[in-house]
Each structure stands twice: as C-alpha cells, then as structure tokens.
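**Q** Kindly return the folded structure for what I paste below:
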Amino acid sequence: MTRLIAAIAFILPLPVVAHAPMMAEGDLSMESPFQIDDPEHSKAIYGELNGSPEYYSWTVEEPFDFYVGLTAPGVEECPIVATFSAEVTNQDGDVVASLVGDGVEWWAWFEEFGARWYWVGPETGVDFRSDEQLPAGTYTVKIFNEDNAGHYVLAVGDDERFGPEVLMSLPRIGRESQAWWEAVDCRS
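**A** All right, here's what the predicted structure looks like:
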C-alpha cells in the first residue's frame, strides 16, 4: 500500500499552489477552537459561519513561517456571495495580523488540483506564500463577517507536503468537500 501511495504521489502532477484539504469540524468557538497541528504545513480548511465567528488555534515551540489567507467558493456564473475577515492574535491577545475582507478586491482563481474556482481575498503573505516569521507561542485565528454567515476556506501555511496521510484522506475529504460545495447558494 505504501508503494502505491508513493507511486501516486510521484505521478500525480501537483500544481505550484496546492493546500492539503481539510474540513472544519466541531464547535469552533473561542473556548473550543479547531486545532491546527503544524501552521507551516499548507492546509485549505473548509468552513461555514452559522451565526457566530469561528476560531482556529495552534501552538509552536520555535519561530515559524507565518501564512494565513482567506478564500470563498466560486460558483459558476455567480458573483461573490460573502466576504470574510480574519484576526490573528498571540497568547497575550495582541493582534499580529488583521485581514479585512470588506473593501478588498476579491479576485477569481482556478485551483487546478481540486478543479474548482475560488474568490481570493486578503492574505498575510504574497501569492499564497509566507513573507514573515513569528515567534514561538500560541496563536488564534478568528474568522468572521458582518452577518457571520457563509462558506469560506482558511488557508494556513505554505509548505506543501502530500504524504501518505494526506493522500489516504483525499477520498473522504473529496466526499465531504463535495457536500460543502453543493451547499453553497449564490442567491444568498
């Protein structure tokens, strides 16, 4: 099985930008945020605001390359439905990054690996890449908008790693993300 996964990883033509897909699960409240295990490992976390902000968190023991970006699903022939903002704070409650979705031009982008269109919003780096390091510590990301409603994708990290665990999870993530995409309504 490991040889098969290695062969698929070698043969699979990965694009320059490909975050490992994940589905946000759980409460995602400030008291119980989604835990990100490695903020340098690139991830695309699919989430949906349902009346309140959602929270993500990680703790690192060493300085790390910091990247956070926001996208929204691009549905054929639909304008962008909702924009999103993010605020990243450290363990002292200091804001280390503020990504404001309103008043920013969100641009259309086709992600080849997943064969989907996205609206790309604010990011902390440049062109989906980190351009700064942050010190060791605990960080929290708050995702929100005016109505605290809508589908979004939080991109974290820029180190693209597609090991066996990512490749093995792709069928399950594919089914879950398909349901997520089907729930997007361009009329709302």
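
**Q** can you map out the strands along the chain?
**A** 20-23, 34-35, 43-50, 54-60, 64-65, 68-74, 85-90, 95-99, 107-111, 116-123, 133-134, 137-144, 149-156 (DSSP state E).

**Q** and those as TSV, adding mean neighbour count and mean pLDDT?
**A** (Glycine included, C-beta is placed from N, CA and C.) Listed next are the strands of the chain as TSV, based on neighbours: other C-beta atoms under 10 Å; pLDDT from 0 to 100:
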stretch	mean neighbour count	mean pLDDT
strand 20-23	20	72
strand 34-35	16	95
strand 43-50	19	92
strand 54-60	19	97
strand 64-65	18	96
strand 68-74	24	92
strand 85-90	19	98
strand 95-99	16	97
strand 107-111	13	88
strand 116-123	20	91
strand 133-134	14	96
strand 137-144	19	98
strand 149-156	22	93
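
**Q** Please report the distance of F113 from E76.
**A** Look at F113 and E76: by C-beta to C-beta, to the nearest Å, they are 18 Å apart.

**Q** which strand residues sit across from R116 in the sheet?
**A** E111 (DSSP bridges).

**Q** Would you mind confirming that it is in contact with P73?
**A** Yes. Between R116 and P73 a contact is recorded at 7.4 Å, counting by C-beta atoms under 8 Å.

**Q** Find the residue closest to D38 in space, skipping its chain neighbours.
**A** Nearest residue to D38, sequence neighbours excluded (C-beta to C-beta, 6 or more residues apart in numbering): G157, at 7.1 Å.

**Q** is it true that the one you found touches I45?
**A** No. Using C-beta under 8 Å, G157 makes no contact with I45, being 10.5 Å away.
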